[in-house]
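Novice: based on what follows, work out the 3D shape:
(one chain, ligands or ions: 1)
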Amino acid sequence: MRLSKAGSGRDAANLHRTLTLELVRVTERAAIAAAEWRGKGDEKSADDAAVQAMQAELMRVQIDGRIVIGEGEAGEIDHLYIGEAVGSGEGPQVDIAVDPLEGVTLCAKNQPDSIVVLAMAERGGLLNVARDVYMHKIAIGAEYARDVVHIDQTATDNVKSLAAAKGVPLREITAIVLDRPRHAALIEELRISGVAVKLISDGDVAGVIHAANTDDTGIDIYLGSGGAPEGVLAAAALRCVGGQMQGKLILDTQEKRERAYRMGITDAGRIYDVADLASGDVLFAATGVTDGTLLDGIRLRRQSVETSTIVMRSWSQTVRWIKALHAR
Ligand code: VTB
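Specialist: Residues are numbered from 1 along each chain as shown. From the prediction side, this is the model:
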């Protein structure tokens, strides 16, 4: 039997293969639902619409699926909670991480880069983290040696080392950082070092992906902290497109540490790399809600609705951009 790059058998690989398009349907439908709420200033309705549409479409997929990164805990919410069984129940056993509306605020304000995101892996393939947990993250392209940056080094040391590896002066390096008060010192440090800082208001799944695609985006490195679920989703994407990332969970309360422990995280200080966050055969799909750098948003035409989706798979490293027209 031929073994896949991810070490899984060919049969399993072929099962996952047919799921690629199924996932596109799921993220497309959620994005179309969320798009109705673009620019309406109502984050909750936008999120609810995406969640319900995603859950309904996921139920139709032929998988024995389980939500491992969801919208919240069982009992707290009705749809897409951690541990929820999704899919028809027949088919491969898979784990699913969702962010039905990444950048809810962006959607409510009709600003760029609001997307629907979903990742699927073989059972046990995705790190289980709760929605309210944060993660320190650092990400760069696949083309660098593994020791060029390290999450425990200072930002200054990391960008210096990156510039040297790239063979350019520091002023030609661009870092992408979430614009948050908690990053004031980091941004200041980066500015003093001389690098350019691209600030984003939300959406660090796309931010990490951009840092791994420097030739297309001009972004060399992602730095800072953001949601841990978004970290796992970004890692799933990097498994497919290539790229390096390290993540460290921020378990700053006893309650978070205990909850993480129950979810299987025994070493609170562990540094995760891409394959620790998302392993085995991994599928990743994202559909644009508002126009953005990664994807176009939903276009409402007279007769149809146009969607723009990126879908990829780690086993084959295939990346597809799917533009679709849906009859109104
Ligand atoms: C990020 C980003 C999200 O939350 O993870 C961020 O990807 C986490 O930081 O789009 P804050 O809690 O400080 O916002 C979002 O911006 C929103 O979920």
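Novice: every contact and neighbour count from this point should use C-alpha atoms.
Specialist: OK.
Novice: roughly how far does the closest residue in space to Lys160 that isn't next to it in sequence sit from Ile77?
Specialist: Distances taken as CA to CA, 6 or more residues apart in numbering place Leu170 nearest to Lys160, at 6.6 Å, with adjacent residues excluded. Separation of Leu170 from Ile77 (CA to CA, to the nearest Å): 47 Å.
Novice: more neighbours: these two, which one.
Specialist: Leu170 (20 against 12; other CA atoms under 10 Å).
Novice: from memory the more buried one sits against Ser161, does it?
Specialist: No. Assessed by CA atoms under 8 Å, Leu170 is found out of contact with Ser161, at 9.4 Å.
Novice: what packs against whichever strand or helix holds Met312?
Specialist: Using DSSP states H and E, Met312 maps to strand 304-313. Counting contacts by 3 or more CA pairs under 8 Å, 6 or more residues apart in numbering; DSSP states H and E, strand 304-313 is packed against helix 10-35, helix 228-241, strand 282-288, strand 299-300, strand 318-327.
Novice: may I see the buried residues of it?
Specialist: Neighbour-count burial for strand 304-313, counted by 16 or more other CA atoms under 10 Å, picks out 306-313.
Novice: contact partners for Ala35?
Specialist: Contact analysis of Ala35 by CA atoms under 8 Å, 6 or more residues apart in numbering lists 46, 107, 289-290, 298.
Novice: in a markdown table: the residues you listed, plus pLDDT and distance to Glu73.
Specialist: Converted to a markdown table, those look like this (pLDDT from 0 to 100; distance: CA to CA, whole Å):
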| residue | pLDDT | distance to Glu73 |
| --- | --- | --- |
| Ala46 | 98 | 20 |
| Cys107 | 98 | 24 |
| Val289 | 98 | 25 |
| Thr290 | 98 | 28 |
| Ile298 | 98 | 30 |
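Novice: of those, just the buried ones, PyMOL syntax please.
Specialist: Here is the PyMOL command that picks out the buried ones among the contacts of Ala35, judged by 16+ other CA under 10 Å:
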select buried, resi 46+107+289+290+298
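Novice: between the contacts of Ala35, which sits nearest the ligand?
Specialist: Proximity of those to the ligand (CA to the nearest ligand atom) peaks at Cys107, which lies at 10.4 Å.
Novice: that closest one touches Gly292, doesn't it?
Specialist: No. With contact defined as CA under 8 Å, Cys107 does not reach Gly292; the gap is 11.2 Å.
Novice: and for Arg131, the neighbour number?
Specialist: 17.
Novice: tell me which element Leu100 falls in.
Specialist: Residue 100: Pro, not Leu. In this structure, Pro100 is located in strand 93-102 according to DSSP H and E.
Novice: run through who's touching the strand holding Met312.
Specialist: By CA under 8 Å, 6+ apart, strand 304-313 touches 20, 23-24, 27-28, 32, 237, 240-241, 281-288, 295-300, 318-328.
Novice: now the strands for this protein?
Specialist: Along the chain, the segments classed as strands by DSSP state E run 64-69, 85-86, 93-102, 115-122, 134-140, 174-178, 196-200, 221-227, 244-250, 271-273, 282-288, 299-300, 304-313, 318-327.
Novice: share the number of residues neighbouring the residue in the stretch 51-200 of the chain positioned nearest to the ligand, please.
Specialist: Among the residues of the stretch 51-200 of the chain, Gly103 lies closest to the ligand, at 4.0 Å counting by CA to the nearest ligand atom. Gly103 has 25 neighbours, counted by other CA under 10 Å.
Novice: do Arg66 as well
Specialist: Neighbour count for Arg66, taken as other CA under 10 Å: 23.
Novice: surely it meets Val86?
Specialist: Yes. Here Arg66 reaches Val86: they are 5.7 Å apart, a contact under CA under 8 Å.
Novice: output the lowest mean pLDDT helix or strand found in the protein.
Specialist: Ranked by mean pLDDT, DSSP states H and E, the weakest helix or strand in the chain is helix 10-35, scoring a mean of 85.
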